[in-house]
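K.L.:
Sequence first, predicted coordinates after that:
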Amino acid sequence: MAKTAPPVKKNEMIELTFEDITHEGAGVGKVNGYPLFVPYGLPGEKAKVKVINVKKNFGFGRLIETLHESEERVDPPCNVYYKCGGCQLQHMSYKMQLEMKRNQVKNVLKKIGHIEGIPVHETIGMEDPWRYRNKVQIPVGSRNGELITGFYRKRSHEIIEDMERCIITEEINDRMIDAVREIADRLGISAYDENNHRGILRHIMVRTGQITQETMIVIITRKEKVPELNKLVDEITKTYPEVKSIVQNINSERTNVILGKKTKLLWGNEYIYDQIGDIRFAISAKSFYQVNPLQTKKLYEKALEYANLTGSETVIDAYCGIGTISLFLAQKAKKVYGVEVVPEAISDAKANAKLNGIENAEFFVGQAEKIMPWWKAQGLNPDVIVVDPPRKGCDEIFLHAMIEMQPKRIVYVSCNPSTLARDLRILEDGGYETKEVQPVDMFPQTTHVETVCNIELKGN
Ligand code: SAH
């Protein structure tokens, strides 16, 4: 095939019309069939674009000026939106965000899973898609001798100085970050400097139970001994009664990972509590807990609906974390078995079962792909299997173990449509049929999409 050179050159200014949008939220426009990806461009828009990177089969551009604006374009309400890497979709209407996520799921199912012609429902969105996050972890730095807090600039480790608030986080979390920073600054506690691995304060993490409004503050420091730490704790607890727990986490490594191994209770309770539906959860500093409980409830209700339980079923919840889905299912099933690879999460799951008086859920530490064949050998015969794997999807051995167990129904909860589509193909080839697919918006203003699928054994 004759090679044709790309029709554009680096630094060239062109006019481009966007026809489509990528999963990352960039506009796609074509010059003689050659696609250019342009962040913040919306379908239907015409714009002046500067070409910034030219590859053989595609290129990237920067949006300089919109010449014709889409009706779905909105002014991002966050003052640091274009600097910060946290959100990607604030420039588009919420309606369009939800449509985009549904289309993404549809396209990927077709392209990767060869699954089409089944209902992919409209994305379940939020009534108010702001201030939904129950947790924030923010880096601490210093400028002109003063402590500052803020997210990093996109693709950098430079703190955005003029970030005053994060409007996808619960308001109380914003206020607590400000409070801790101001008090620490006054007490002369230094910021950690990752260049020379000196200084003390690395991150501040705040988590609030949405229903209970109990707040936990985690102060992440380079070393354990911190001068004036007691005074910091004193001031916080005297001024802010909503704070129920203050924890120190020590991270003395040179690393991007936020939390270190050691945690130490400084004041109050080791746990804060929250509630999803009728289930209460105890959450410690290191527990994984869904960041958007309002949407989590909708997601789990969908999973429960698809599981179609009558009370007589044996259910497996694989990749169960702290048992959130398992405990939801246990209310409607005869017995639930949860499996999860992180031991601390399984201790949380057991404690949460106890906290709710749930006796028909049992939890196991291990890799799902190893425990499943063992369960099968023990004669465990699940009626329903629920899976909620991490982004990389299910292990292939695990998928085949599921097929061998022949449950009537599988409910697949996924945070990554691509690996979902890949795994559904394997299940379909193994005799299962995807009946319907429900995207849920757990992370408004970002490109993430969560999906629940209802899968049945064919001929059942
Ligand atoms: N269902 C839970 C957690 C889902 S996150 C909730 O809704 O809160 C996915 C979980 O899978 C994580 O807790 C992760 O630790 C776990 N995990 C990752 N690989 C695993 C494996 N091979 N076997 C079992 N669990 C695994």
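P.N.:
Thanks, I have the structure now.
K.L.:
Report the closest residue of the stretch 251-400 of the chain relative to the ligand.
P.N.:
Nearest residue of the stretch 251-400 of the chain to the ligand (Cβ to the nearest ligand atom) works out as Gly321 at 2.7 Å. Every residue, glycine included, has its C-beta placed from N, CA and C.
K.L.:
so what's that residue scoring on pLDDT?
P.N.:
Model confidence at Gly321, given as pLDDT, is 93.
K.L.:
in what helix or strand does it lie?
P.N.:
Using DSSP states H and E, Gly321 falls within no helix or strand.
K.L.:
residues touching it, list them.
P.N.:
Phe288, Glu340, Val342, Ala345, Ala349, Asp388 (Cβ atoms under 8 Å, 6 or more residues apart in numbering).
K.L.:
Ile346 versus that one, what's the distance?
P.N.:
In this view, Gly321 and Ile346 are 9 Å apart by Cβ to Cβ, to the nearest Å.
K.L.:
got any residues that touch both of these two?
P.N.:
Glu340.
K.L.:
The strand or helix carrying Glu99: which residues count as buried?
P.N.:
If you go by DSSP H and E, Glu99 is part of helix 94-113. Neighbour counts over helix 94-113 (16 or more other Cβ atoms under 10 Å) mark 94, 96-106, 108-109, 112-113 as buried.
K.L.:
Which neighbouring elements make contact with that helix?
P.N.:
helix 417-429, strand 432-440 (3 or more Cβ pairs under 8 Å, 6 or more residues apart in numbering; DSSP states H and E).
K.L.:
and that helix with strand 432-440, angle?
P.N.:
Interaxial angle, helix 94-113 versus strand 432-440 (axes from the mean of the first three to the mean of the last three Cα atoms, to 10 degrees): 160 degrees.
K.L.:
Relative to Phe443, how far out is Gly125?
P.N.:
Remark: distance between Gly125 and Phe443 (Cβ to Cβ) = 11 Å.
K.L.:
Compare the two (neighbour count), which wins?
P.N.:
A side-by-side neighbour count of Gly125 and Phe443, using other Cβ atoms under 10 Å, places Phe443 first with 23 against 18.
K.L.:
ok, the more buried one touching Gln290?
P.N.:
No: Phe443 is beyond contact range of Gln290, at 10.5 Å (criterion: Cβ atoms under 8 Å).
K.L.:
my guess is Asn196 is in a strand, correct?
P.N.:
No: using DSSP: H, G, I helix; E, B strand; the rest coil, the assignment for Asn196 is coil, not a strand.
K.L.:
Identify the residues contacting stretch 408-416?
P.N.:
Here stretch 408-416 has contacts from 299, 303, 306-308, 325, 383-393, 402, 420, 423-424, 427, 432, 442, 448-457, 460, using Cβ under 8 Å, 6+ apart.
K.L.:
Please indicate which of those residues are buried?
P.N.:
Buried among the contacts of stretch 408-416 by 16+ other Cβ under 10 Å: 299, 303, 306-307, 325, 383-389, 393, 402, 420, 423-424, 427, 432, 442, 448-457.
K.L.:
Flag the shaky bits of the stretch 201-350 of the chain, pLDDT-wise.
P.N.:
Along the stretch 201-350 of the chain, no part satisfies pLDDT under 70.
K.L.:
The ligand contacts on that one?
P.N.:
Residues of the stretch 201-350 of the chain lying close to the ligand by Cβ under 6 Å from any ligand atom are Phe288, Gln290, Tyr319, Cys320, Gly321, Thr324, Ile325, Val339, Glu340, Val341, Val342, Ala345.
K.L.:
State the distance from Lys334 to Glu313.
P.N.:
Distance from Lys334 to Glu313, counting by Cβ to Cβ: 6 Å.
K.L.:
ok, the two, which is more surrounded?
P.N.:
The residue with more neighbours, out of Lys334 and Glu313, is Glu313; 20 against 14, by other Cβ under 10 Å.
K.L.:
Tell me the confidence at the closest residue to the more buried one other than its chain neighbours?
P.N.:
Leaving out its chain neighbours, the residue that sits closest to Glu313 by Cβ to Cβ, 6 or more residues apart in numbering is Asp383, at 4.0 Å. You'll see Asp383 listed with a pLDDT of 98.
K.L.:
what does Lys30 give?
P.N.:
97.
K.L.:
what's the helix or strand for it?
P.N.:
Going by DSSP H and E, Lys30 is part of strand 26-31.
K.L.:
After that strand, heading C-terminal, what element do we hit next?
P.N.:
Strand 26-31 is succeeded, C-terminally, by strand 34-39 (DSSP H and E).
K.L.:
what are the bridge partners for Phe363, then?
P.N.:
Gly338 (DSSP bridges).
K.L.:
cool, and Val206?
P.N.:
Beta-bridge partners, per DSSP bridges, of Val206: Val136, Ile217.
K.L.:
pretty sure it contacts Thr149?
P.N.:
No: look at Val206 against Thr149 with Cβ under 8 Å: they stay out of range, at 10.8 Å.
K.L.:
What segments of this structure are helices?
P.N.:
For the chain, the helices defined by DSSP state H cover 94-113, 171-186, 229-239, 293-307, 324-330, 343-355, 368-377, 396-405, 417-429.
K.L.:
Out of the ones you listed, which one sits most buried?
P.N.:
Most buried of these, by mean neighbour count (mean count of other Cβ atoms under 10 Å): helix 324-330, with a mean of 27.
K.L.:
Return the list of helices and strands in contact with that helix.
P.N.:
Counting contacts by 3+ Cβ pairs under 8 Å, 6+ apart, helix 324-330 is packed against strand 279-283, helix 293-307, strand 314-318, strand 335-340, helix 343-355, strand 361-365.
K.L.:
wait, which of these is closest to Asp174?
P.N.:
Nearest of the helices and strands packed on helix 324-330 to Asp174, taken as Cβ to Cβ: helix 293-307 at 17.7 Å.
K.L.:
so what's Leu380 up against?
P.N.:
Neighbours of Leu380 in contact, by Cβ under 8 Å, 6+ apart: Thr314, Ile316, Tyr337, Met405.
K.L.:
What residue, apart from its backbone neighbours, is nearest Gly101 spatially?
P.N.:
Quick fix: residue 101 reads Lys, not Gly. Per Cβ to Cβ, 6+ apart, closest to Lys101 is Val449, 4.2 Å.
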